[in-house]
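1. Got a predicted structure here, sequence first:
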Amino acid sequence: MPELPEVETVRAGLASLITGATISAVEVRRDSCVRLLPGGAAEFAAAITGTTIRAVVRRGKFLWCELDSMEALSAHLGMSGQFRVHHGAVVPAPHSHCRARLLLEVGSQTMTLDFLDQRTFGYLHAEPLIATSDGLPGGQGSDTAMVPASVTHIARDALDPHLDPASAAMTMRRGSRGIKQVMLDQTVVAGIGNIYADEALWMARLHPERPAHAVTSRQATDLLAAAQDVMREALAQGGTSFDALYVNVNGESGYFSRSLHAYGRGGEPCERCGRLLTRASIGGRSTHWCSQCQRRWAARGSRTARARGGT
DNA sequence: AGTAGCACCTGATTGC
DNA sequence: TGCAATCAGGTGCTAC
């Protein structure tokens, strides 16, 4: 499942290959992949054909190309989206999961950019760029940015250097939801998905269902740092892959799945204490944790436990 | 306002 | 063997 490290790997790959390219032709092979546009495939093609890609940008799991038209060609990979680039004028037959194909030109060079998406939760979109500042929900810092209209509600990226960890950690402690639910809320901090949420909670020794308001300031800070650490490490290894749904623009998988401590390891021993890891569905998402290391409530003897009369 | 629940979708896997 | 049920899950919408 593409989360921040996977989407960043895709962004970097695309940026190196298609920056400066002009979109010469657009073929939408499945209309639902441009479902956000009322005018469908025709509107999509009309909006981006003839434009030149200035930059490839990302916030959280949202990805977009800045176009010279001052609009954005935006994309979300959903669960299974992939971009694949082919070089040269000889264009291979499209994959059965190919939802859209763009022809690109850089000078005399021709490229084909395919958007593949087996489970079709992903999309392509053409939309205006909106200037944003620290007025963004969950956004801190003082820089300004241009983001697509559909991304204006998304919080600052978890690895954005302008993210204020103390402020983000404070936001994470609000409300009655389980802390994992909060981590997955892209309007709080952007980029954390199901895999890295479980990993960060295991590293920070926090139960996924601990209410956000029962997480201490120190714990929230540690949890955010753990999420950043695990995603930085995954990024360095080219992203996680355990089912071939995620690949980079050259079709290669990452290696980070070998480093997972919690996700997908239900029934296996915890690497810290040996207790068998629990797997359960929480909020409709498979969740993995150690019932020994990750307690739902604060440990006996802590201020919280004493206030409640202990557990 | 904040939160829970569900729809969206397809292919691999599991169960009978 | 074959068909049906189950599972995976990010986002956004609706309902409470």
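-> Right, received. Where do you want to start?

2. Lowest-scoring secondary structure element of chain A by mean pLDDT?
-> When each helix and strand of chain A is scored by mean pLDDT, DSSP states H and E, helix A:303-307 comes last, with a mean of 47.

3. got a pLDDT number for residue A:193?
-> According to the prediction, residue A:193 has pLDDT 93.

4. Without its sequence neighbours, what residue ends up closest to it?
-> residue A:3 (3.6 Å; C-beta to C-beta, 6 or more residues apart in numbering). To be clear about C-beta, it is placed using only N, CA and C from the backbone, and glycine gets the same treatment.

5. Now do the helices in the stretch 201-311 of chain A.
-> Secondary structure of the stretch 201-311 of chain A (DSSP state H, counting those that start in this stretch): helices located at A:217-236, A:303-307.

6. So for DNA strand B, which of these sits nearest?
-> Proximity to DNA strand B (C-beta to the nearest atom of the strand) singles out helix A:217-236 among the helices of the stretch 201-311 of chain A, at 14.3 Å.

7. how many neighbours does the closest residue in space to residue A:46 that isn't next to it in sequence have?
-> Distances taken as C-beta to C-beta, 6+ apart place residue A:39 nearest to residue A:46, at 7.9 Å, with adjacent residues excluded. The number of residues packed near residue A:39 is 12, by other C-beta atoms under 10 Å.

8. separation between residue A:39 and residue A:73?
-> Using C-beta to C-beta, to the nearest Å, one obtains 15 Å as the distance from residue A:39 to residue A:73.

9. so where is the stretch 1-150 of chain A shaky, pLDDT-wise?
-> For the stretch 1-150 of chain A, residues meeting the criterion pLDDT under 70 lie at A:134-143.

10. got a pLDDT number for the residue of chain A found nearest DNA strand B?
-> In chain A, the residue found nearest to DNA strand B is residue A:175; the distance is 2.1 Å by C-beta to the nearest atom of the strand. The confidence metric pLDDT takes the value 95 at residue A:175.

11. How about the contacts made by it?
-> Residue A:175 makes contacts with A:182, A:211, A:212, A:213, as judged by C-beta atoms under 8 Å, 6 or more residues apart in numbering.

12. do that again at 6 Å, thanks
-> Listed by C-beta atoms under 6 Å, 6 or more residues apart in numbering, the contact set of residue A:175 reads residue A:212.

13. Distance check, it against DNA strand C.
-> According to C-beta to the nearest atom of the strand, to the nearest Å, residue A:175 and DNA strand C sit 14 Å apart.

14. try residue A:13
-> In this structure, residue A:13 and DNA strand C are 19 Å apart, going by C-beta to the nearest atom of the strand.

15. tally of neighbours for that residue?
-> Neighbour number of residue A:13 under other C-beta under 10 Å is 19.

16. cool, residue A:20 as well?
-> Neighbours of residue A:20 (other C-beta under 10 Å): 12.

17. Please report how far the closest residue to it other than its chain neighbours lies from residue A:21.
-> Distance criterion C-beta to C-beta, 6+ apart; nearest residue to residue A:20, sequence neighbours excluded, is residue A:106 at 5.7 Å. Relative to residue A:21, residue A:106 is positioned 5 Å away (criterion: C-beta to C-beta).
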